[in-house]
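*Asks:* 3D, please:
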Amino acid sequence: MNLVSAGPLKTVAAGGIPGFERLADAWGRQAPLGWDVTDPLPVAKTICFLLSDWSRAISGEIVHVDGGFHAMGTALSEE
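*Replies:* Numbers count the residues shown, from 1 in each chain. Predicted structure coming up:
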């Protein structure tokens, strides 16, 4: 079993998360590969890959689909 850890996506459910817009703005500034909260395609394609035979030897992994945000380790300075 694997897990997809996605960056924030603007969905109906996201509307119920206090501070979502602030989180989404920070993600856009801090993800080195960029992140579009209105584009679920990178996450969907990763899920399709994990469900395909191409990933048959991958097990027990967390796949981050977040524009590299998780790799930064901390918030970038807003100076």
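*Asks:* residues contacting the nearest residue to Pro32 once chain neighbours are set aside?
*Replies:* Nearest non-adjacent residue to Pro32, counting by CB to CB, 6 or more residues apart in numbering: Gly68, 4.3 Å away. C-beta: built from backbone N, CA, C; applies to glycine. Counting by CB atoms under 8 Å, 6 or more residues apart in numbering, Gly68 makes contact with Ala31, Pro32, Leu33.
*Asks:* so where is the chain shaky, pLDDT-wise?
*Replies:* Low-confidence segments of the chain, defined by pLDDT under 70: 74-79.
*Asks:* about what we covered before: kindly reformat the contacts of Gly68 as a markdown table containing secondary structure, neighbour count and distance to Gly60.
*Replies:* Shown next, in a markdown table, are these (DSSP: H, G, I helix; E, B strand; the rest coil; neighbours: other CB atoms under 10 Å; distance: CB to CB, whole Å):
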| residue | secondary structure | neighbour count | distance to Gly60 |
| --- | --- | --- | --- |
| Ala31 | coil | 19 | 25 |
| Pro32 | coil | 11 | 26 |
| Leu33 | coil | 10 | 25 |
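*Asks:* now Lys10: how far from Arg29?
*Replies:* As judged by CB to CB, to the nearest Å, Lys10 and Arg29 stand 16 Å apart.
*Asks:* neighbour count winner among these two?
*Replies:* Lys10 (15 against 12; other CB atoms under 10 Å).
*Asks:* that one and Thr38 touch, don't they?
*Replies:* Yes - proximity of Lys10 to Thr38 meets the contact threshold set by CB atoms under 8 Å, at 5.4 Å.
*Asks:* contact partners for Thr46?
*Replies:* Here Thr46 is in contact with Val4, Val63, Val65 (CB under 8 Å, 6+ apart).
*Asks:* which of those residues fall in helices?
*Replies:* Among those, no residue falls in helices (DSSP state H).
*Asks:* who wins on neighbours among those?
*Replies:* Ranking those using other CB under 10 Å puts Val65 first, with 19 neighbours.
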